[in-house]
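Participant: Requesting a structural model of the entry that follows:
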Amino acid sequence: MSMTLDEFTRSVDPRCLPRILQIQSGIYVQGSVYEMYGRECCLSNGDLIKVIEIRITRFIAKGSNGITVDLPLDYPGLFRMVKDRQPYCSIQEIAESLRISSHRLNQPVFYTAGDLDHPDGTIKKGTSFRITGLKMVEGHECVNCELAQSELKRRFALKLSVKGEFYECDDSQFYTLKELAEWKMSTGRTRTVTKVKSTHLKDDILPDPLEDYKGELTLTPVHEIQAIMKFRKDVVLIPPNLDVDVVDVTEQHDSAVFVQPLSLKDVFKKPMDTFPVVAEVIEKPWHVPEELAFICRSKQIVIQRAFEAKRVLASETRRGEQRRFLVPSSYKGRFKRRPREFPTAYDLERAQSSTEQLHVVATRDFESHYFQGQSPVQVGDQFLIKKKSTSSTAEGSENGEDKMADMLACMKIEGKSHKDVQIPMYLDGGFVEVIHDKRQYTIGDICHGFPLPFNVKVSVRDLAVKEDILAAASGLQVEEEITDPHLLVSTLDLSECWEVPVNRTKMTVQLQQKWDGPATGAEQPVGHAVVEEIGEDCYYTLRRYTVANLQPPPRPPKIKIKQHMVKPPRPNKPIPSSSPKSPHCNFPKPGSMTSDTFPRLKRNTIAVSSERRSSIPPVFQPITVATVKSKDIPQEPEVDDLDDDSHEYEYIDEDELEFIRKKVQEEVLRSTVKGKQNTF
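Facilitator: Residues are numbered from 1 along each chain as shown. Predicted coordinates:
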């Protein structure tokens with residue numbers, strides 16, 4: 001049954017590719033040659049094309065204010081997804097609409113609108129679960145699931161035939177447009193996002209189309225078909241809106257008659273016994289470092305092996321726009337240490353080293369009254385950091401047991417003497433490292449000998465490369481050691497042999513035959529690595545899971561109040577007066593204002609008859625408002641504290657605060673009238 005090319009694009013499951021299509025009819029004259037994205041393609045009736053991939057090339061973004069812009073996949077920005085409000089009616093619809101795999105970004109999270117029964121139990125209404133993969137169970141297709149909010153990671157399986165109402169859960173992760181296109185687009189649906197960060201460089205020629213826009217954006221994908229034609233080696237790019245009718249004839253033809261171009265990702269997935277292999281370059285990469293330019297000049301290359309290479313993620317330490325680098329472990333340059341900055345005492349604890357003491361200088365003042373053995377921290381104080389310890393709070397204990405709080409044990413330098421002190425881990429102060437080490441280190445020494453992140457500067461550049469881009473940086477922060485998929489690629493004569501990153505090199509090759517190896521007596525190929533400068537989107541992609549695994553610093557402890565301190569009773573809210581002539585009726589009783597801060601308002605004694613007593617307002621003596629610190633204000637002791645958390649979060653009653661402020665201002669104004677009796 002024939003269909004238009006656009007209908008085929010929207011209906012085909014990407015997991016079923018490649019598919020062989022036969023051209024049936026169209027508006028074009030048979031045998032004509034058309035220019036399609038710079039590639040010549042001849043579509044005649046009866047011709048066969050092999051569709052190898054249907055990919056998203058760009059997005060059409062529509063804003064709530066009517067704005068419509070075209071966004072390429074390399075748009076420099078990060079986005080947060082807005083959950084799809086349209087439910088999925090079955091597990092099969094989810095499996096067919098979304099890409100599901102072992103990759104973390106290919107594991108969608110849903111919740112059910114009603115109770116869902118399955119062989120392992122019942123999923124309650126509103127319970128969220130993550131789909132982690134597909135499998136066959138007793139001849140039935142199922143999805144592997146696990147409860148998203150369970151610490152025990154309870155796992156179960158759901159058949160594709162299970163029906164219900166399944167809604168997407170909120171996703172707080174940030175994504176680039178390329179990641180959204182690759183992992184988060186649902187077949188036949190649009191995706192709504194909000195822009196959270198722009199990585200658009202100020203010196204870019206083209207302006208940012210979303211520079212002044214704030215709000216939700218609806219992304220509609222624009223697809224492109226990658227196909228192969230008989231007797232042609234290059235990949236043909238066909239727009240899906242081409243007015244051509246096609247028929248799927250995959251079952252009637254052998255796909256071996258077509259050339260099979262592979263991306264570097266496809267080559268990397270090949271079995272290890274495939275290598276080394278000779279490959280023909282079909283589609284050359286556009287942007288590569290100078291050291292990898294031999295790939296663009298070569299018609300044939302040798303892929304020696306596939307492996308996971310170690311790389312060190314580093315960022316330039318400067319204000320404003322930062323440059324990001326991936327440094328190979330084979331980098332021959334030398335580094336010297338640079339001072340690190342620590343915003344909290346918790347960062348000091350994380351920077352502790354087993355090989356040396358950490359010497360820092362405080363850049364902010366801090367004083368706490370809740371810990372024993374702790375002295376105030378002032379600007380210029382110097383400390384030597386030692387091992388972490390714990391200390392009990394100075395404000396007593398609860399139920400006879402001391403509350404333990406994280407403390408950082410260190411030595412305060414006072415002249416030539418050292419004094420043992422403790423600093424609370426939650427201290428939001430500021431410290432700068434004092435460097436005494438003048439030695440030079442390799443990148444391997446830094447990663448294995450010091451806790452990361454670590455600040456350095458290139459002192460001796462790598463002489464093995466023409467231009468060392470790290471040497472031009474004023475300072476570097478070595479952040480994390482990662483692994484990244486690479487291919488070891490060489491020329492046929494082994495004059496060039498370099499490690500090529502799989503995820504950042506876009507090229508297409510065709511595997512030809514097994515490589516016989518170097519000539520007799522020739523040396524085995526030795527691979528070289530290059531320092532890569534990466535963009536912001538690539539940096540955040542590499543850092544995503546590393547940052548997510550860091551533990552937050554401890555929270556400040558609850559303020560423990562002595563038993564004899566009692567908070568004054570809460571003043572009554574003003575009662576609306578029925579008569580505008582009696583404004584004093586809105587004032588609370590004097591007894592309700594009693595506290596250590598605000599002295600009791602004394603009523604003047606006036607002889608009046610009982611009949612007139614109710615109509616004469618009371619007269620108060622002027623009060624003196626004392627300025628006190630927040631720590632001197634007594635607090636109300638907790639009676640029934642059902643919260644087991646050792647940390648306290650209190651909020652001020654705005655009505656009470658506004659009422660007290662108003663009355664105090666009125667009394668202050670009355671007290672300014674000297675020699676006159678206060679009247680209402």
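
Participant: How is this protein divided into domains?
Facilitator: Domain assignment for the chain, taken from automatic domain parsing, gives 1-72+179-259, 84-169, 263-307+484-529, 340-434, 583-671.

Participant: Worst mean pLDDT among these?
Facilitator: Mean pLDDT is lowest for domain 583-671 among these, at a mean of 46.

Participant: Relative to Val327, which of the domains of the chain is closest?
Facilitator: domain 263-307+484-529 (9.0 Å; C-beta to C-beta). Bear in mind the C-beta positions are built from the backbone N, C-alpha and C, glycine included.

Participant: And that closest one, end to end?
Facilitator: End-to-end span of domain 263-307+484-529 (C-alpha to C-alpha, to the nearest Å): 21 Å.

Participant: returning to what we had before: quick one: the domains of the chain as JSON lines, columns for distance to Thr442 too.
Facilitator: Putting the domains of the chain into JSON lines (distance: least, C-beta to C-beta, whole Å) gives the following:
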{"stretch": "domain 1-72+179-259", "distance to Thr442": "31"}
{"stretch": "domain 84-169", "distance to Thr442": "33"}
{"stretch": "domain 263-307+484-529", "distance to Thr442": "14"}
{"stretch": "domain 340-434", "distance to Thr442": "16"}
{"stretch": "domain 583-671", "distance to Thr442": "44"}
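
Participant: how about those in CSV, adding mean neighbour count and distance to Val478?
Facilitator: CSV is the format used below for the domains of the chain (neighbours: other C-beta atoms under 10 Å; distance: least, C-beta to C-beta, whole Å):
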stretch, mean neighbour count, distance to Val478
domain 1-72+179-259, 15, 21
domain 84-169, 15, 25
domain 263-307+484-529, 16, 16
domain 340-434, 16, 11
domain 583-671, 12, 34
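
Participant: do you know which of those lies nearest Glu536?
Facilitator: Nearest of the domains of the chain (C-beta to C-beta): domain 1-72+179-259, 3.5 Å.

Participant: starting at the chain centroid, how far to the closest one?
Facilitator: 29 Å (C-alpha atoms, centre = their mean, to the nearest Å).

Participant: And stretch 327-339, by the same measure?
Facilitator: For stretch 327-339, the distance to the chain centre is 27 Å (C-alpha atoms, centre = their mean).

Participant: Counting neighbours, which bits of it end up buried?
Facilitator: Val327, Pro328, Ser330, Tyr331, Gly333, Arg334, Phe335, Arg337, Arg338 (16 or more other C-beta atoms under 10 Å).

Participant: Now do the contacts for the residue nearest to the fifth one when sequence neighbours are not counted.
Facilitator: Spatially, and ignoring its direct neighbours in sequence, Gly333 is nearest to Asp462 (4.2 Å; C-beta to C-beta, 6 or more residues apart in numbering). Asp462 makes contact with Tyr331, Lys332, Gly333, Asp468, Leu470, Ala471, Val531, according to C-beta atoms under 8 Å, 6 or more residues apart in numbering.

Participant: Make sure I have this right: Asp462 is in a strand.
Facilitator: No: counting by DSSP: H, G, I helix; E, B strand; the rest coil, Asp462 is not part of a strand but coil.

Participant: in what helix or strand does Gly444 lie?
Facilitator: Following DSSP states H and E, one finds Gly444 within helix 443-449.

Participant: So for that helix, mean pLDDT?
Facilitator: Here the average pLDDT along helix 443-449 is 91.

Participant: Just list whatever residues bridge to the residue lying closest to Thr274 once chain neighbours are set aside.
Facilitator: Nearest residue to Thr274, sequence neighbours excluded (C-beta to C-beta, 6+ apart): Leu511, at 7.5 Å. Beta bridges link Leu511 to Ala279, judged by DSSP bridges.

Participant: in the stretch 401-550 of the chain, which spans are helices?
Facilitator: For the stretch 401-550 of the chain, the helices defined by DSSP state H, counting those that start in this stretch cover 443-449, 536-548.

Participant: Tell me which residues of the shortest one come out buried.
Facilitator: So the one you mean is helix 443-449. In helix 443-449, counting by 16+ other C-beta under 10 Å, buried: Ile443, Ile446, Cys447.

Participant: Disregarding residues adjacent in the polypeptide, which is nearest to the last one?
Facilitator: Distance criterion C-beta to C-beta, 6+ apart; nearest residue to Cys447, sequence neighbours excluded, is Glu481 at 5.0 Å.

Participant: what's near enough to touch the residue nearest to Thr274?
Facilitator: Contacts of Leu511 by C-beta under 8 Å, 6+ apart are Gln260, Leu262, Val267, Lys270, Thr274, Val277, Val278, Ala279.

Participant: Which strand residues bridge the second one?
Facilitator: In other words, Leu262. Val509.

Participant: pLDDT score for it?
Facilitator: 87.

Participant: residues in contact with it?
Facilitator: Contact partners of Leu262, counting by C-beta under 8 Å, 6+ apart, are Thr508, Val509, Gln510, Leu511.

Participant: I'd like these as a markdown table, with distance to Ser198 appended.
Facilitator: Formatted as a markdown table, those follow (distance: C-beta to C-beta, whole Å):
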| residue | distance to Ser198 |
| --- | --- |
| Thr508 | 32 |
| Val509 | 35 |
| Gln510 | 39 |
| Leu511 | 41 |
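
Participant: which pair in those spans the largest distance?
Facilitator: The most distant members of these, if one measures by C-beta to C-beta, are Thr508 and Leu511, lying 11.2 Å apart.

Participant: quick one: contacts for the spatially closest residue to Thr363 that is not a sequence neighbour?
Facilitator: Nearest residue to Thr363, sequence neighbours excluded (C-beta to C-beta, 6+ apart): Gly430, at 3.9 Å. Contact analysis of Gly430 by C-beta under 8 Å, 6+ apart lists Glu341, Phe342, Pro343, Ala362, Thr363, Arg364.

Participant: Who's the closest spatial neighbour of the third one, skipping the chain neighbours?
Facilitator: In space, Pro343 comes closest to Gly430 once its chain neighbours are excluded; the distance is 6.1 Å by C-beta to C-beta, 6+ apart.

Participant: got the contact list for Ile469?
Facilitator: Phe325, Val531, Glu533.

Participant: Dump the residues you listed to a markdown table, plus distance to Glu165.
Facilitator: Compiled in a markdown table, the contacts of Ile469 are given as follows (distance: C-beta to C-beta, whole Å):
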| residue | distance to Glu165 |
| --- | --- |
| Phe325 | 48 |
| Val531 | 51 |
| Glu533 | 48 |
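
Participant: Give me the buried subset of those residues.
Facilitator: By 16+ other C-beta under 10 Å, these give Phe325, Val531 as buried.

Participant: now Gly66: how far from Thr218?
Facilitator: 12 Å (C-beta to C-beta, to the nearest Å).

Participant: gap between the residue nearest to Gly333 and Val456?
Facilitator: With C-beta to C-beta as the criterion, Asp462 and Val456 are 14 Å apart.

Participant: what does Ser64 give?
Facilitator: Ser64 sits 46 Å away from Val456, going by C-beta to C-beta.

Participant: cool, and Lys265?
Facilitator: Following C-beta to C-beta, the distance that separates Lys265 from Val456 is 33 Å.

Participant: How about Arg543?
Facilitator: Arg543 is 18 Å from Val456, by C-beta to C-beta.

Participant: Since that was my last question, I'll sign off now.
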